[in-house]
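> Could you work out the structure for the sequence below:
(one chain, ligands or ions: 1)
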Amino acid sequence: MSRRRISTTERLALFKCHRGKPLADEERGQHSHITGERLIELENFCLCAIREGISQGELVTYLGASRSRVSRWCVAAVTKSGVHNDRRLIQLHSKTLVQRLFDRMGSPENTCWTWQGSLEDERYGSFAFDGTTTKVHRLVYDTFLGPIPDGFEVDHICTNPACVNPKHLQVVSSSENQTFASVRRRGK
Ligand SMILES: [Zn+2]
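Below is the predicted model:
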């Protein structure tokens with residue numbers, strides 16, 4: 001798809017109007033603290049930039065932040081704004097994890113989103129990311145809802161293992177998961 005070219009002047013105007021200041025020295029580095037207010041500012045800024053067709057690579061350079069941080073801010077902004085229903089916008093987000101996920105997520109409505117990519121054991125969606133193959137529902141949970149605590153599993157509230165709708169996922173302890181599974185088996 002063709003991306004609208006944006007001039008440097010336009011880009012700078014965008015940066016100024018959304019106060020997307022590059023990271024200060026004390027904000028750099030993986031474990032440095034970024035205040036809640038500043039985080040919102042950065043997320044909003046990333047969203048505006050995505051809307052303008054500015055790539056994550058350009059944001060990384062401009063903000064002086066790591067690729068993984070910029071990617072996280074973009075995902076958070078896109079998720080919170082609800083614009084992930086807008087396929088055109090997602091296309092601007094080219095070749096990021098988010099697009100690769102959305103490409104295969106199935107229906108955007110609030111029903112089960114059956115994974116359109118490959119399945120593991122003909123049940124769970126599987127996805128190659130970061131050099132390993134991972135279960136998509138776990139990756140979706142981690143990407144859109146937050147980190148999965150150690151020792152916890154991601155359960156499908158809808159009982160459809162191929163579903164990757166974040167609203168149908170919850171974290172449960174493995175004993176809770178076994179209880180749910182046996183209750184469901186008995187219910188059938
Ligand atoms: Zn579902």
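> C-alpha from now on. contacts and neighbour counts both.
OK.
> Smallest distance to the ion belongs to which residue of the chain?
residue 112 (3.5 Å; C-alpha to the ion).
> element containing that residue, please.
Using DSSP states H and E, residue 112 sits within no helix or strand.
> I'd like the distance between it and residue 62.
Going from residue 112 to residue 62 by C-alpha to C-alpha, to the nearest Å gives 38 Å.
> Low-confidence ranges, this structure, go.
1-19, 51-53, 81-110, 129-130, 187-188 (pLDDT under 70).
> circling back to that earlier point, pull the number of nearby residues for the closest residue to the residue of the chain closest to the ion other than its chain neighbours.
Using C-alpha to C-alpha, 6 or more residues apart in numbering and skipping residues adjacent in sequence, the residue nearest residue 112 is residue 163, 5.4 Å away. Residue 163: 25 surrounding residues under other C-alpha atoms under 10 Å.
> Comparing residue 112 and residue 62, which residue is more hemmed in?
residue 112 (21 against 14).
> I'd like to know how far the more buried one sits from residue 21.
From residue 112 over to residue 21 the distance is 39 Å, taken as C-alpha to C-alpha.
> ditto for residue 62
Taken as C-alpha to C-alpha, the span from residue 62 to residue 21 is 9 Å.
> next one: residue 164
35 Å.
> Domain parsing of the chain, as residue ranges.
For the chain, the structural domains run 8-92, 97-187, going by automatic domain parsing.
> coming back round to it: more crowded one of residue 164 and residue 21?
Neighbour tally, residue 164 and residue 21, criterion other C-alpha under 10 Å: the higher count belongs to residue 164, 29 against 15.
> Around residue 140, count how many other residues there are.
20.
> let me redo that: residue 156
Neighbours of residue 156 (other C-alpha under 10 Å): 22.
> Touching, it and residue 167? I think so.
No: with contact defined as C-alpha atoms under 8 Å, residue 156 does not count as touching residue 167 (9.4 Å).
> Name the residues contacting each of those two.
Common contacts of residue 156 and residue 167, defined by C-alpha atoms under 8 Å, 6 or more residues apart in numbering, are absent altogether.
> Buried residues of stretch 152-162, list them for me.
Within stretch 152-162, the residues that qualify as buried are 153, 154, 155, 156, 161, 162, counting by 16 or more other C-alpha atoms under 10 Å.
> gap between it and the chain center?
Computed by C-alpha atoms, centre = their mean, to the nearest Å, the chain-centroid distance of stretch 152-162 equals 18 Å.
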